[in-house]
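# What would the 3D arrangement of this be:
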Amino acid sequence: MTNPARWTALRVALVVVGLIFIFAVYPLMMTFWPSGWRWSPNQPEYEQMILGVYATLGMFLLYASRNPLRHLSLIWFTVISSVVHAGIMTVQALQMPAEHGHLYGDIPALLFVAILLAVLAPRGADAAQAAA
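Prediction:
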């Protein structure tokens, strides 16, 4: 992918992921697919905390979309924290049969976000060249 196309794709991905984190996590947890996005038994304190964290991250990703190069650490934090979150959730979901829905819901979603941003984010020589 050419650099201009890659930058455009990264900016679009940051906006889309940011908007999903801000506006879609709550409806997915509460309305559309609770078994794939919400842990049993319902834990309102956890849900409020995770919604707050992801909405905040979403706002920062929207901000990063303006100039991704200046926010590479945030982009890589999103990649790595999404993989870690998905990994922990995978182990927990496999141990608890009532939580198997997460294996088809939020776990693949987190991995998709991580892969998407990792593929599009400049690294190594590309990042150094873009910074120059």
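# show me what contacts the nearest residue in space to Met30 that is not next to it in sequence?
In this structure, Met30 finds its nearest non-sequential neighbour in Arg38, 7.3 Å apart by CB to CB, 6 or more residues apart in numbering. The way it works is simple: take the backbone N, C-alpha and C, and place the C-beta from them, glycine included. Applying CB atoms under 8 Å, 6 or more residues apart in numbering, we find Arg38 in contact with 29-30, 47.
# Between those, which sits nearest Ala109?
Met29 (11.7 Å; CB to CB).
# With Ile50 as the reference, measure out to Ala121.
Per CB to CB, to the nearest Å, Ala121 is found 24 Å from Ile50.
# hmm, who's touching stretch 105-118?
Taking CB under 8 Å, 6+ apart as the rule, stretch 105-118 contacts 10, 13-14, 17, 28, 33, 35-37, 75, 78-80, 82-83, 85-86, 89-90, 93.
# again, only this time at 7 Å
13, 17, 33, 36-37, 75, 78-79, 82-83, 85-86, 89-90, 93 (CB atoms under 7 Å, 6 or more residues apart in numbering).
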